[in-house]
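Visitor: from the sequence below, what's the structure:
(2 chains)
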Amino acid sequence: MTFSEEILMAYADNELDSQTRSAVEAAMATDPDVARRVARHKALRARLRTAFDQIVDEPPPQRLIDAARGVPAVRREGNVIPLRRKAPPRRAWPQWMSLAASLVVGVLIGQALLRTSGAPGPITTRDGKLLANGVLAQALSEQLVSTQKEDLPVRIGVSFKSKDGDYCRTFLLHESTTLAGVACRDNDAWQVQTLAQGEAPAAGGTYRQAGSEMPRSVMQAVEDTIAGEPLDAHAETAARAKNWSSR
Amino acid sequence: MATRDVYRMTNVRGMHASLDRLREQIVELLPRLRRFARTLARDPHDADDLVQMAVERALTRSEQLRPDSRLSSWMFGILRNAWIDETRTRGRRNRVFAPEEMGENVGDAASETHTDVLSVQDAMARLPDEQRIAIGLVLVEGLSYKEAAEIMGVPVGTLTSRLARGRDALASMLADTTGALQ
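Guide: Predicted coordinates:
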C-alpha cells in the first residue's frame, strides 16, 4: 500500500483516524522508506517546535501585561508619577532557556555535562537522537513519582502515555546546571524530546527555587503529547514492571 | 424604573467582573501569543507590537467571544488578522526579513558555529504568509487541523495543502542543517 505525503504528514501530526493510522504503522514496520518519510515529518515538527519554544519561557514584557490589564501608559511622560506602577503580585517566572536540539550537544559539551570526570553524563547522543544516560536514565527507569525521595539529583514530575503510545516522563535534574525535560521510551532507551536549561544558580537559596518548578515549555510539551491523564501510582508501578514497554 | 436601574447596574458590574477575568486569562496566554507572533514576524519587537495590537483589539471586542469558543483560538485569530492587516498596509515596504539584515540579527549561539546556515526562524520568514500561518498554528502551537482551519477561515483540505507546501519548502531550506546532529 502506498501513502501520499499528506497522509504521512497527517500521521506525524496525529490527525489520522485509527484505521488509517494502523495502516500507516503497518507500512512503517515493513517499508523502511515509509518509516523514513514519517520520521522526517516528525523531525521537522520537533525542530520547529524547539526553535520557538524558548519564547514561552520568557517573561512577557511589562507593556504587554499592562495592555492586557488596561494599565494606562503614563510612565513615559517625565513629569507624571505613575500611579499604578505596581502591578498585582505575579507568579515569579523562572528563567528557563529551551535548547534547540542542534545546540544541545555544543551546550552540553561546553558545560562538561556529557562526560563529567569519567562518570557518564546524564545525556548522550546516538544516531542524532538525544538519549538519557547515566543517572538520568537510571532515574527514568527506576524512580517512581509516588515514592521518590526529596534529595535525589533527579526528580520525576509526571509519567504519562503519549499519543504515540509510548511511556513518557518529565524530569528535573540538578547537577552543575539545572535541566528539565520530557523523555519518552524508545526501545530500550529514553529519548529526550524536550529539554530546557535552568539559569545557573546565582547565590545559595535561588538554586532550589529555580529548579522546583517545570518550565512552561516542558508543561506545554506534556499537554501537547499526553494521551488521557497522567499515570497514577498503580499504573506507574505496572509500567515499570514491564520495563516501560508499551508493546 | 428603579428596578430597571438596579438591573442595569448589576449587569454592568457583572460585565466588569468578566472583563477582569478575561484580562487575566489574556495575561496567562501572553507567552503563547508571543510565540505565535514570532512565527509570523521575524523581528521580536514587531512580534510584540503585533501581540499588543491583538490584545487591544480583543479587549474592545470581548463581546464577540462566545462562551463555547476557546480563548486561545479566538486570540490566535485576532493576531493572525492583525498580521495580515499590518502586512497589507505596510505593503511590506520595510521587510524586516531582508536577507542582508538577517545576518546581523542572528547573533545567537547558532551563528557562531554555523554562520552560513539558515535558522528555523529565518526559513519561516521566507515562507508565504498562508503557509507560515498554517505551520505556526499546527507545528509550533500544536493546534489540530480543524482548529487551525477555523482560525484561517478555510476548509481543512486547504489547510493541509498549505501545510504540506510549507513543510516541503522548510525541509529544503533546512536540508543542509539537518545533518548537524548526525
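Visitor: local confidence estimate at whichever residue of chain A sits closest to chain B?
Guide: In chain A, the residue that lies nearest chain B is A:Ala51 (3.5 Å; CB to the nearest CB). In this view, the C-beta of every residue, glycine as well, is placed from N, C-alpha and C. In this prediction, A:Ala51 carries a pLDDT score of 89.
Visitor: how many neighbours does it have?
Guide: Using other CB atoms under 10 Å in any protein chain shown, the number of residues around A:Ala51 comes to 24.
Visitor: how about the secondary structure of B:Gly142?
Guide: Assigned with DSSP: H, G, I helix; E, B strand; the rest coil, B:Gly142 falls in the coil class.
Visitor: leaving out sequence neighbours, find the closest residue to it.
Guide: Sequence neighbours aside, A:Asp224 is the residue nearest to B:Gly142 in space, at 4.2 Å (criterion: CB to CB, 6 or more residues apart in numbering or on different chains).
Visitor: now the residue of chain A closest to chain B: which helix or strand?
Guide: Following DSSP states H and E, one finds A:Ala51 within helix A:32-57.
Visitor: report the distance from that helix to the chain centre.
Guide: Averaging C-alpha positions (CA atoms, centre = their mean, to the nearest Å) puts helix A:32-57 13 Å from its chain's average.
Visitor: tell me how many other residues surround A:Thr125.
Guide: Neighbours around A:Thr125, by other CB under 10 Å: 17.
Visitor: packing partners for the helix or strand it falls within?
Guide: Here A:Thr125, judged by DSSP H and E, is contained in strand A:123-126. Counting contacts by 3 or more CB pairs under 8 Å, 6 or more residues apart in numbering or on different chains; DSSP states H and E, strand A:123-126 is packed against helix A:101-110, strand A:129-132, strand A:189-198.
Visitor: put the alpha carbons of the shortest one into PDB.
Guide: Below are the C-alpha coordinates for strand A:129-132, written out as PDB (Å, rounded to 0.1, in the frame of the first residue of the first chain):
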ATOM      1  CA  LYS A 129      18.800  11.400  18.900                       C
ATOM      2  CA  LEU A 130      19.300  12.700  22.400                       C
ATOM      3  CA  LEU A 131      19.200   9.900  24.900                       C
ATOM      4  CA  ALA A 132      19.100   9.900  28.600                       C
END
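Visitor: and residue 143, what does it touch?
Guide: Reading this off chain A. Neighbouring residues of A:Gln143 by CB atoms under 8 Å, 6 or more residues apart in numbering or on different chains: A:152, A:154, A:156.
Visitor: let me rephrase: I mean chain B.
Guide: Neighbouring residues of B:Leu143 by CB under 8 Å, 6+ apart: B:73, B:76, B:137, B:151.
Visitor: got CSV for these, with secondary structure, pLDDT and distance to B:Ala169 too?
Guide: Shown next, in CSV, are the contacts of B:Leu143 (DSSP: H, G, I helix; E, B strand; the rest coil; pLDDT from 0 to 100; distance: CB to CB, whole Å):
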residue, secondary structure, pLDDT, distance to B:Ala169
B:Ser73, helix, 93, 26
B:Phe76, helix, 96, 22
B:Leu137, helix, 97, 16
B:Ile151, helix, 94, 21
